[in-house]
Each structure stands twice: as C-alpha cells, then as structure tokens.
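**Q** what follows is a predicted protein model with its sequence.
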Amino acid sequence: MNRSSSLYIRRRVTNSVFIALSLAAALFGLVWLAFILGALLTSGVAALSPTLFTESTPPPGMAGGLSNAITGSVMMSVGAVLLGTPIGLFAGTYLAEYGRHARLSYYVRFINDILLSAPSIVTGLFIYEIIVVRMGHFSGWAGIASLMVIVIPVVVRTTENMLLLVPNGLREAASALGAPMNFVIQSVTWRAARAGIVTGVLLAVARISGETAPLLFTALGNNNFSTDLNQPMASLPGVIYTFATGPYEDLHKLAWAGALLITATVLTLSIIARLLEGKKRN
Amino acid sequence: MTDLALTDTAALSVRAESARRAGNGDKRFRLLALGAALLVMLIFAGVIASLLIGAWPALSTFGLPFVWTEAWSPTRAQFGALASIYGTLVTSLIAMLVAVPVGIGIAIFLTELCPRHLRRPIGIAIELLAGVPSIIYGIWGLFVFAPWFQEHVQQPVINAFADVPVLGSLFAGPPYGIGVITGGLILSIMILPFISAVTRDVLETVPAVLKEAAYGVGCTTWEVMWRVAIPFARAGIVGGAMLALGRALGETMAVTFVIGNSHHISASLFAPGTSISATIANEFTEATDAIYTSSLISLGLLLFVITFIVLACAQMMLRQLDKQSGT
C-alpha cells in the first residue's frame, strides 16, 4: 500500500514536472519570436517614410530611400519566378505523371530535396562561377539565375505533391475518352491541382524575397537606380546587410525599414498561400 | 453515324492523322517534362563540378592540410579552413542543443496540452515564423539581442565563472556581445519554429488509439508522450532535426551579423569567431587574388559536402518513415 502510493506520487510529480517544462518551452519559444516581431515593428515603423519608395540609397549622412533596392528585388524575384516556375512545373509533372515509379524519379526526388535545403551561399558560388566569371562582371541576370536555383526545387516539390493528390479516377476517365496523356495533364490534372501549384509558387516567392547570401556575389548591389539587368543591381536584403553592418545611424534606420518591408511581404505571401490551400481543402 | 465513318476511308485517315498528331504532341510534352527533371540533376551536378573546378587551385596548393590549418592570412596568401569549420560546427551544435528540446516541448504542448481553440492560431503563427527570412534574425541579433546579451548575460557569467577551472575558460571575457555563442543562439531561435512545426506534424501522425489505449491503462500524460508517442514518431523527429541541422550548418545571414568575423579559434564561447558561410559572405567580393577566391570556394565545397551528408541522412530517415506509413 505504502509502496504503491509512493509510486503513484512519484508518477504524478514526474508528470507535473514534464507538463511544466513543456509549457515553459512553449512560452520561451514564443516569447523570443514575439520579441523579434516587436523589435521589427517598433524600429521598422519608426523608420518608414514616403521617401523610401521614391529615392535611392543615400551615401552616409544624407537623406534617401530604398527605391533602387525595392525595384531590384522585385525585378530579380519576378524574373527568377517567371523563368524557374515552368522548369519546376514540368519536372514536378514528370515525377508525378510520367515517371512516378521510374528509377530516375527516385534520384531526381532525392537530389531535388537536397537542393531544397542546400546552403544558398553555395548555390550562389555556382552561379558566380558559371555566369559572373564568364560575363566578367556582376549583373542582375546573375542574381536572377541564383534565385532560380532556389525557386526550382520548391516548385518541383509542391507540384509533385499536389499532382499526387489528384484522384486517379480523374486521369482514367479522361484517358478513357481517348485523350492523349499531355491533354489529360494539361486540362485535367493541372487544373485540378491549380490552387496547390499556385501555393507552391507563392511560397517560392516568399522564400527568395528575403534571400541575401547568393545575391552578394551575383547581383552585388548598386547605389544608383537601375533597371538594366546587365548591370550590378541593388536588392533589399543586400542593402540591409551592408547598411546594418556599417557604422552609420541613419543607414541603420533604413536597414530596419527594409527589414520590415521584407517581413511584411513574406508574411502576406505566406498568408495568401495558406488561404488558397484552405480553400482547396474545403 | 459511326458505322458510316468506319467505311469512309477519308474520314478514317483524318482520324489516324489526328491520333498521330496527338501522339506526337504527347511525345513532345513528355520530353519536355523529362528534360526539366534532368535539368534538376544537371543543376546539382553543375554545383559540384563548378565548386570542384573553382576550388582546385587552392586545394592543389595547400593539399588536404587545408582542412585542419587554422591560419587565414590573405596578405601572406596563407589559407586554412579550420577556424571556419570550427565556427560552423560549434554554432550549429549550440543551436541544436537549445532548439531541439525546446522545439519538441513546443510540439508536445501543441499536440497534447494546449487548449483546443488555441492550437490552430499558435500552430499557424509558428509555421509563419518558420518562413521569416534569416536576415531578419540577423539584424535583430545585431541590434537588439547582442547588446542585451552583453550586458545582462555575458558580464554576470564571466564574473561568476572567473575562478572555475573549465567553465572559466569556456566563458572567458571580455564581453563583446557578438561572438560564437551569440551566433549559435540566434541560429537556435531561427530553427526553432522549423523544428516545432516538423515535430508537431510527426506527433500528429501517432494514431489516436495508441494514445487512448495508454491513457486507458492509467498512464500519465508524460508516460504517454515519453513511452508511446515519441518512440512511435522517433524516426520523423530525428529526420526533422537533421533537416534543421542541415539548415543551421549552411545558414549565412543569421550568423554573419553576430559572429564577429575573426579567424582565430578561442576556447571561450564568448570570443568572436567565424563560420564557413560567414567567411564567404564577408570576404568573397573583397578577394582579389585568384588563390584567395579559390580558398573561399574550397570552403564552399567543404560546406556543401558537410550539408550534403547531413541532408542525405535526413532524407533517408524521412523516406523510411513515408514507406512505413504508406503500407
């Protein structure tokens, strides 16, 4: 009796300790994350001003904005998504439709998942070697290429996953009507998986809009407003990096404003992606 | 009507023609898809090939000792990777030590303890935070965390451990704020949402009947989690943690801001250091000598090899899990 009651107490104590630790972990994690968002909001909002969007990055001590960086980021992200999405879409289609059980697909999936989490600074080195060195100078195109290497694996993965969710009955019904496979894919399976594929593209945009490392030695940066993709190009994350690590107070402010802009963009994109996904489920 | 068409040779040939064209269209489409899939492989091969070619001048000059040489002196054209490798491994180790237990705690909280109506909002918040770009963690680490850490943690810790033999040298001053441990802690905050999200997803695959059966025989929550749910989900949790480790090892921006950029290995965790990715990010555009650039690319190659091994192991474990749950 005595023994079993002490066992009972010990189990109850262990359980309470465990629950307390788990609660503490959750609190601890959420508090840090709240701190980050809080600091971002207070410092970022304080630095917001209309000139952010109208003026280029200033030299230290002068007033200015981020217009060249915003334009550069938008141009390179859009370019990377426009060029990378078709490749990812077709590769994902191959994995889900033509080569679902092929030996090749096994390797492609494996390699793709590695590329999905590979350090972006290393893929940036790759683009530096094959484009910047060949062209002889840094350029917006090189920036686009380095972002493409990040976009493609994301789109491949989501496209395949979404196509696998399409019921086989749909494909069989279309094939039974005599439609060739490419027709089935284009007008039945892609259409059925559209929302999911769009979600994947949005996630890819969210992923690259904060990407810094590979741009440092592909697009480099540019203190003047430029839309020429053959020239070095400014990017929002690149500007944040240079300004934040520099010693100038007013440039720090611009860095915070840029950080707020990026986070707002990324969170908006993720929320839209999530809403799309939810709509599809219902 | 169809019978008519069958005897009509003209109509038949039109059909044959359109069927042939459809077949050709499919063939082209198939080739396009296959080409795109092969392109993914080609990118991977290209990354390895270009890194090997770029790294070759440095590797052939310094040989294998490049990996365990500490000296890094651009002016004397002497390069070794040890300080960078050390920084990468130590920051990732600190990040994992903090983030894995806390992340699992959050996941358990979300699946078992959290009030039902809070589960979705907190879960979504964590998933959204997993998507916040690493540069945000970097800038926050530099301007907010490092000064706070310097004043409220480093100074007291240095004073407290000054006379303790081993810990004293591990936590030796001066308190810069930035340093190896700061980099590790920022990394841990960055991978925390990722680990929590993955672990929660895996814990949710534990069949409810298993947990109910355990509760039914009188197990406490702790016993259900520790003896039933976590063993069931172990492969997934380990796979997810390794995926997070892969990210931590290759992470650039969250670390570069706060690690201090010093190529000197110090016993103290408070001392500034560097990591492979931080070295590349800081020095690549300044490197003018061919051998300097090549040494930085060699660092990139090393990083790629290390992360490849970790990520490949993670993939294997997660694949295994998919196979199990698929049957």
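**A** Great, that's in hand.
**Q** and the stretch 151-300 of chain B, which residues reach chain A?
**A** B:189, B:192-193, B:196, B:220-223, B:225-226, B:243, B:246-247, B:249-253, B:256-257, B:277, B:280-281, B:284-285, B:297, B:300 (Cβ under 8 Å from any Cβ of the partner chain). (Each C-beta comes from the backbone N, C-alpha and C, glycine too.)
**Q** in contact with the closest residue to chain B within the stretch 151-282 of chain A: list those residues for me.
**A** Minimum separation of the stretch 151-282 of chain A from chain B (Cβ to the nearest Cβ) falls at A:Gly210, amounting to 2.2 Å. Residues near A:Gly210 by Cβ atoms under 8 Å, 6 or more residues apart in numbering or on different chains: A:237, A:262-263, A:266, B:132-136.
**Q** ok, now how distant is the residue nearest to it when sequence neighbours are not counted from A:Trp256?
**A** With Cβ to Cβ, 6 or more residues apart in numbering or on different chains as the criterion, A:Gly210 has its nearest non-adjacent residue at 2.2 Å, and that residue is B:Pro133. According to Cβ to Cβ, to the nearest Å, B:Pro133 stands 14 Å off from A:Trp256.
**Q** circling back: now distance to B:Phe62 too, for the contacts of A:Gly210, in a markdown table please.
**A** As requested, the contacts of A:Gly210 are arranged in a markdown table below (distance: Cβ to Cβ, whole Å):
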| residue | distance to B:Phe62 |
| --- | --- |
| A:Pro237 | 33 |
| A:Ile262 | 39 |
| A:Thr263 | 41 |
| A:Val266 | 40 |
| B:Val132 | 38 |
| B:Pro133 | 35 |
| B:Ser134 | 31 |
| B:Ile135 | 32 |
| B:Ile136 | 37 |
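**Q** closest to B:Ser84 out of those residues?
**A** B:Ser134 (18.2 Å; Cβ to Cβ).
**Q** does chain A sit close to the lengthiest helix in chain B?
**A** The longest helix of chain B (DSSP state H) is helix B:9-62. Yes. Helix B:9-62 is in contact with chain A by Cβ under 8 Å from any Cβ, via B:22-23, B:25-26, B:28-30, B:32-41, B:43-44, B:46-47, B:50-51, B:53-54.
**Q** which residues touch A:Ala118?
**A** B:47, B:250, B:304, B:307-308, B:311.
**Q** 6 Å - rerun?
**A** Applying Cβ atoms under 6 Å, 6 or more residues apart in numbering or on different chains to A:Ala118 gives no contacts.
**Q** ok, now A:Glu211?
**A** By Cβ under 6 Å, 6+ apart, the contact set of A:Glu211 is A:Ser120.
**Q** in a helix, it, correct?
**A** No. Applying DSSP: H, G, I helix; E, B strand; the rest coil, one finds A:Glu211 to be coil, outside a helix.
**Q** could you pull up phi and psi at it?
**A** Recorded main-chain torsions at A:Glu211 are phi -70, psi 130, according to degrees, to the nearest 10.
**Q** pLDDT score assigned to it?
**A** Here, the pLDDT recorded for A:Glu211 equals 91.
**Q** what about stretch A:55-70, distance to the chain center?
**A** Offset of stretch A:55-70 from its chain centre (Cα atoms, centre = their mean, to the nearest Å): 26 Å.
**Q** same check, this time on stretch A:199-218
**A** Stretch A:199-218 sits 5 Å away from the centroid of its parent chain (Cα atoms, centre = their mean).
**Q** which stretches of chain B form strands?
**A** B:72-73, B:78-79 (DSSP state E).
**Q** can you list these in JSON lines and add mean pLDDT, mean neighbour count and distance to A:Gly196?
**A** Shown next, in JSON lines, are these (pLDDT from 0 to 100; neighbours: other Cβ atoms under 10 Å in any protein chain shown; distance: least, Cβ to Cβ, whole Å):
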{"stretch": "strand B:72-73", "mean pLDDT": "90", "mean neighbour count": "16", "distance to A:Gly196": "47"}
{"stretch": "strand B:78-79", "mean pLDDT": "90", "mean neighbour count": "18", "distance to A:Gly196": "47"}
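**Q** quick check: nearest residue in space to A:Gly64, chain neighbours excluded?
**A** A:Pro58 (2.7 Å).
**Q** from A:Asn223, how far off is the one you found?
**A** 8 Å.
**Q** for A:Gly200, same thing?
**A** Distance, A:Gly200 to A:Asn223, by Cβ to Cβ: 35 Å.
**Q** same question for B:Trp56.
**A** For B:Trp56 relative to A:Asn223 (Cβ to Cβ), the value is 35 Å.
**Q** only whichever of the residues of the stretch 151-300 of chain B next to chain A are buried, select them in ChimeraX.
**A** Buried members of these, defined by 16 or more other Cβ atoms under 10 Å in any protein chain shown, are picked up in ChimeraX with:
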select /B:189,192,193,196,220,221,222,223,225,243,246,247,249,250,251,252,253,256,257,277,280,281,284,297,300
